[in-house]
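A.B. asks: Using only what follows, build the 3D model:
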Amino acid sequence: MDNIYLTAEHELLREQVARFLAREVEPFAQAWEQEGRVPRDVLRRMGEAGLLGLAFEPQYGGGGADALTNLVFAEALSASLCHGFVVTVLVHTDMAGPHLHHAGSAAQKERWMPGITAGRTITAVAITEPGAGSDVAGLTTRARRDGDGWVLDGSKLFITNGVLADLYFVAARTGAGRHDVSMFAVERGTPGLRVGRALEKTGWRASDTAEIFFENCRVPAGHLLGEEGKGFQAVMRNFQTERIALGAMAVAACRRAIGLTLEHVKTRRAFGDVLWAKQAVRQKIAMLDARTRAARQYLYHCAWRVTQGHDWNAVVQDVSMLKALTGELVNEVAYACQQLHGGMGFMTGTPIERLWRDARVLAIGGGATEVMLDEAAKRY
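C.D. replies: From the prediction side, this is the model:
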């Protein structure tokens with residue numbers, strides 16, 4: 001074991017995920033990239049393997065795992081070269097599903113959680129709008145009480161799993177105050193819910209990303225998640241889980257890029273010798289690896305702090321710093337490793353080119369670097 005936070009059980013989980021990726025994902029990843037989708041049956045097989053609800057309650061098919069175990073899963077999954085597949089899964093397990101896990105009633109969990117953990121009910125979280133991304137308080141989608149239910153009107157943008165999902169956890173304004181936001185569970189097929197086409201992206205191409213419209217969309221009163229007006233706090237809480245998962249994606253991509261580049265420079269000959277013989281190349285890779293190892297320890301430290309129940313304000317500061325650090329680092333590492341691959345690194349479909357494309361969004365999605373640094377700075 002190469003990490004002080006890991007146990008033998010963590011390593012077994014990592015090995016299980018690696019076997020699943022080798023058997024069910026990597027042979028098909030390029031085809032999924034071209035099709036712009038992840039097949040539902042592979043998600044059902046993940047559910048059958050017990051990999052879609054590690055942090056959720058055992059009575060609903062989950063594993064009851066802590067934040068550290070959940071991080072091991074996210075990092076192991078992110079070793080895949082198909083980060084479009086990875087984000088499809090992590091949105092389901094770490095970004096959408098936790099809204100039900102944390103705020104759902106017993107009846108709501110009984111209704112939806114077994115399907116979520118089994119991979120039969122795929123989830124998405126609908127927060128971002130055309131005019132509100134990292135600024136959650138700026139959203140304009142509204143929900144109003146009407147008889148024995150709620151009516152939603154508005155639109156959401158850049159929703160991962162937007163086309164694939166069966167169940168959406170939607171943030172909507174329910175009052176006049178800046179933070180008067182509530183969360184709702186909206187099922188596919190609900191009248192007034194319309195899913196737009198999958199959007200074209202630079203990276204994460206196997207993942208579908210869509211615009212979603214709510215036009216006089218009526219949901220029962222029992223689809224309100226948690227307390228009315230407490231959705232903003234729920235989103236802020238869940239952001240920490242999401243940002244740790246995105247940090248895991250970034251660190252895993254750094255490690256994979258460095259590994260690919262080491263293989264390349266030790267065999268690629270130029271000017272009479274392999275590239276590895278060049279001092280500048282060796283030192284460049286060593287520094288990239290050193291910074292990646294440091295970021296990985298910080299990643300695990302943040303998850304450990306969550307498991308220990310440390311002061312939440314301090315945890316938010318750490319996780320915000322982590323998200324900013326890893327989002328920028330993965331872009332630096334991917335760029336440098338692609339550069340060392342030369343012209344081949346610019347060819348579509350090569351592993352390093354895919355890592356480079358997929359890395360870019362990790363400094364944007366889930367909280368842009370600038371927003372994360374400001375969140376950290378406000379807590380000094």
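
A.B. asks: Tell me which stretches of the protein form strands.
C.D. replies: 123-126, 142-146, 149-160, 167-173, 181-187, 193-198, 209-220, 224-225, 269-270, 273-274 (DSSP state E).

A.B. asks: Sort out which residues of the fifth one are buried, please.
C.D. replies: This means strand 181-187. 181-186 (16 or more other Cβ atoms under 10 Å). No exception for glycine: its C-beta is placed from N, CA and C like everyone else's.

A.B. asks: how much does it deviate in direction from strand 142-146?
C.D. replies: For strand 181-187 against strand 142-146, the angle by axes from the mean of the first three to the mean of the last three Cα atoms, to 10 degrees is 80 degrees.

A.B. asks: Could you do the third one as well?
C.D. replies: Angle, strand 149-160 to strand 142-146, by the same axes, to 10 degrees: 160 degrees.

A.B. asks: Run the chain-centre distance for strand 149-160.
C.D. replies: 20 Å (Cα atoms, centre = their mean, to the nearest Å).

A.B. asks: quick one: contacts of stretch 37-46?
C.D. replies: Residues outside stretch 37-46 that contact it (Cβ atoms under 8 Å, 6 or more residues apart in numbering): 20, 24-25, 28, 32, 52, 84-85, 88-89, 92, 118-120, 122, 163-164, 198, 206-208.

A.B. asks: what residue ranges in the stretch 1-150 of the chain score low on pLDDT?
C.D. replies: Across the stretch 1-150 of the chain, the ranges flagged by pLDDT under 70 are 1-2.

A.B. asks: and with 80 instead?
C.D. replies: Low-confidence segments of the stretch 1-150 of the chain (pLDDT under 80): 1-3, 133-135, 137.

A.B. asks: Show me where it has its helices.
C.D. replies: Listed in chain order, the helices of the stretch 1-150 of the chain (DSSP state H, counting those that start in this stretch) span 8-20, 29-35, 40-48, 67-77, 83-90, 97-103, 106-118.

A.B. asks: follow-up on the earlier one: nearest to A368, of the buried residues of strand 181-187?
C.D. replies: Nearest to A368 among those, counting by Cβ to Cβ, is V181 at 20.0 Å.

A.B. asks: got a list of what that closest one touches?
C.D. replies: V181 touches 136-137, 139, 171-174, 229, 231-232, 235, counting by Cβ under 8 Å, 6+ apart.

A.B. asks: out of the helices of the stretch 1-150 of the chain, nearest to Y298?
C.D. replies: Of all the helices of the stretch 1-150 of the chain, helix 67-77 comes closest under Cβ to Cβ, at 11.8 Å.

A.B. asks: thinking again about what came up before, adding distance to A252, write the strands of the chain out as JSON lines.
C.D. replies: Shown next, in JSON lines, are those (distance: least, Cβ to Cβ, whole Å):
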{"stretch": "strand 123-126", "distance to A252": "22"}
{"stretch": "strand 142-146", "distance to A252": "37"}
{"stretch": "strand 149-160", "distance to A252": "18"}
{"stretch": "strand 167-173", "distance to A252": "26"}
{"stretch": "strand 181-187", "distance to A252": "29"}
{"stretch": "strand 193-198", "distance to A252": "25"}
{"stretch": "strand 209-220", "distance to A252": "21"}
{"stretch": "strand 224-225", "distance to A252": "30"}
{"stretch": "strand 269-270", "distance to A252": "29"}
{"stretch": "strand 273-274", "distance to A252": "27"}
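
A.B. asks: how long is stretch 137-144 from one end to the other?
C.D. replies: Chord length of stretch 137-144, first to last residue, is 17 Å (Cα to Cα, to the nearest Å).

A.B. asks: coming back round to it: which of the contacts of V181 are buried, as a ChimeraX select command?
C.D. replies: Selection of buried members from these for ChimeraX, criterion 16+ other Cβ under 10 Å:
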select :136,139,171,172,173,174,231,232,235
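
A.B. asks: Which one of the contacts of V181 is nearest to E370?
C.D. replies: Nearest member of those to E370, counting by Cβ to Cβ, is V136, at 15.4 Å.

A.B. asks: Next up, the contacts around the nearest residue to that closest one once chain neighbours are set aside.
C.D. replies: Nearest non-adjacent residue to V136, counting by Cβ to Cβ, 6 or more residues apart in numbering: V235, 5.4 Å away. Contact analysis of V235 by Cβ under 8 Å, 6+ apart lists 127, 136, 171, 181, 183.

A.B. asks: and what of E48?
C.D. replies: By Cβ under 8 Å, 6+ apart, the neighbours of E48 are 118-119.

A.B. asks: Most tightly packed of the helices of the stretch 1-150 of the chain?
C.D. replies: With neighbours taken as mean count of other Cβ atoms under 10 Å, the helices of the stretch 1-150 of the chain reach their highest mean count in helix 83-90, at a mean of 27.

A.B. asks: how far is it from where the chain is centred?
C.D. replies: 7 Å.

A.B. asks: can you check stretch 343-351 too?
C.D. replies: Chain-centre distance of stretch 343-351: 25 Å, with Cα atoms, centre = their mean.

A.B. asks: If we go by neighbour counts, what in that stretch is buried?
C.D. replies: So, applying 16+ other Cβ under 10 Å, buried residues of stretch 343-351: 345, 351.

A.B. asks: Tell me how many other residues surround the nearest residue to D146 once chain neighbours are set aside.
C.D. replies: Nearest non-adjacent residue to D146, counting by Cβ to Cβ, 6+ apart: R218, 7.2 Å away. By the criterion of other Cβ atoms under 10 Å, R218 has 18 neighbours.
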